[in-house]
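Q: this one's sequence-less:
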């Protein structure tokens, strides 16, 4: 006789996860007692009526796992489980605030500016290194380049500074210009927002099976061209409070590796885990809570993109053996359908429809596909 637990284990990729070594980061573990004084046979019988366990990734990398344990021993399960949706998504959750409705595509200049920024910093480091070594080179008889002086006001500056500093300002000016452009586009969109599409699903959504739907737009704009659709699954950031609790720490104490120190706003309303530091999305209007840019899921897999048909549209499922919809403080498996509307002389317009997807009936294991944490580099069309 022992205690039966539902155990959730997660090592979610932080913002710019390529800077971290996942094998060195701790795993957050949350336990919920299901039953006590229960035998092994009774435990197996009980959990067959619960959603099947799953594992995304592995413990030496990024990990999202749900399993059942009896006195710290993991129960191995090969039989069918219930497919019912047991985890209800709250109405005022991150899904309703950030992943439902119309979304715009950020200006492509953001992505280009980041590339130029890397080049600018490299030029700056090379110039500083050369200025440091120039006295030694001159002793060896190597002629100097760009070390002359240029006077601005009462101060003298190296000629190299006149060349390098403008290069550093180019990506900054590009980002500022792109942000203003995005703000203008957002305000124009809110003034002439199209009507919501009418979507009818012709089958229950189940992980691993085709999605069949009819998509009609009661209103279309003159500049709308092609319409395509996909559906995808991913892992939303866990609640910061739940993460801190899983590590046995107070919410305002020193965070574990991978989490930043506490910052205002987003954590308090549970919109993310805070590791983005305000850089995951370009500047957004404050008129819409959650913004008009769709934040990326850092672990995500999407289906193939197909054109929207006049009748029923069939979309194949995303690759991998994924669980259905789950929404707990630690683990949030989210499914959504994305309609992509290509517009003439404007970036694509997105309609995002959250999906309630049933679990598969067996234990599922799949790879953790890690994506960029930045909105401007995580457009659905760029992930084809």
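A: Great, that's in hand. None of these values were measured; they are calculated from a predicted model. Residues are numbered from 1 along each chain as shown.

Q: tell me who's in contact with residue 5.
A: Contact partners of residue 5, counting by C-beta atoms under 8 Å, 6 or more residues apart in numbering, are 31, 32, 33, 34, 68, 69, 70. Any C-beta I mention is one placed from the backbone N, CA and C, and that applies to glycine too.

Q: can you do 10 Å?
A: 30-36, 43, 67-72, 75 (C-beta atoms under 10 Å, 6 or more residues apart in numbering).

Q: what segments of the stretch 1-150 of the chain are helices?
A: 40-47, 94-98, 109-139 (DSSP state H, counting those that start in this stretch).

Q: actually, the stretch 151-300 of the chain.
A: So, for the stretch 151-300 of the chain - with DSSP H, counting those that start in this stretch - the helices run 159-191, 240-246.

Q: most packed of these?
A: Ranked by mean neighbour count, these are led by helix 240-246 with a mean of 20 (mean count of other C-beta atoms under 10 Å).

Q: that helix: how far from the chain's middle?
A: From the chain centre to the centre of helix 240-246 is a distance of 19 Å (C-alpha atoms, centre = their mean, to the nearest Å).

Q: do the same with stretch 191-198
A: That offset, for stretch 191-198, works out to 25 Å (C-alpha atoms, centre = their mean).

Q: list the buried residues of that stretch.
A: Of the residues in stretch 191-198, 194, 197 count as buried by neighbour count, 16 or more other C-beta atoms under 10 Å.

Q: contact partners of that stretch?
A: Stretch 191-198 is contacted by residues 101-102, 214-221, 224, 227, 292, 308, 339, 341, 349, 351, 353 when judged by C-beta under 10 Å, 6+ apart.

Q: if any of those residues are buried, put those into a ChimeraX selection.
A: Filtering the contacts of stretch 191-198 down to the buried ones (16+ other C-beta under 10 Å) takes a single ChimeraX command:
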select :101,102,215,217,224,227,292,308,339,341,349,351,353
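
Q: most packed of the helices of the stretch 1-150 of the chain?
A: helix 94-98 (a mean of 19).

Q: got the domain boundaries for this protein?
A: If you go by automatic domain parsing, the domain ranges for the chain are 2-74, 94-106+195-383, 111-187.

Q: any chance of the backbone angles for residue 376?
A: Backbone torsions of residue 376, given as degrees, to the nearest 10, read phi -70, psi -10.

Q: burial measure for it, as a count.
A: Counted with other C-beta atoms under 10 Å, residues neighbouring residue 376 total 24.

Q: give me the pLDDT for it.
A: Residue 376 is assigned a predicted lDDT (pLDDT) of 79.

Q: still on that earlier bit, now tabulate the domains of the chain in CSV and tack on distance to residue 81.
A: Shown next, in CSV, are the domains of the chain (distance: least, C-beta to C-beta, whole Å):
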stretch, distance to residue 81
domain 2-74, 4
domain 94-106+195-383, 6
domain 111-187, 43
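
Q: any idea of the mean pLDDT in stretch 99-110?
A: Mean predicted lDDT for stretch 99-110 stands at 89.

Q: and it, how far out from the chain middle?
A: Offset of stretch 99-110 from its chain centre (C-alpha atoms, centre = their mean): 13 Å.

Q: span of it from start to end?
A: Chord length of stretch 99-110, first to last residue, is 22 Å (C-alpha to C-alpha, to the nearest Å).

Q: got it, and stretch 213-229?
A: 10 Å.

Q: ditto for stretch 365-377
A: Length of stretch 365-377, first residue to last, C-alpha to C-alpha: 27 Å.

Q: buried among the contacts of residue 5? Make that a PyMOL selection.
A: The PyMOL selection below is limited to those of those classed as buried (16+ other C-beta under 10 Å):
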select buried, resi 30+34+43+67+68+69+70
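
Q: next step: the contacts of residue 5 restricted to strands.
A: Counting by DSSP state E, the part of the contacts of residue 5 found in strands is 30, 31, 32, 33, 34, 35, 36, 67, 68, 69, 70.

Q: what is the nearest of these to residue 149?
A: Nearest to residue 149 among those, counting by C-beta to C-beta, is residue 30 at 63.1 Å.

Q: gap between the closest one and residue 328?
A: Distance of residue 30 to residue 328, computed by C-beta to C-beta, to the nearest Å: 8 Å.

Q: mutual contacts of these two, please.
A: In contact with both residue 30 and residue 328: 6, 8, 10, 66, 238, 242, using C-beta under 10 Å, 6+ apart.
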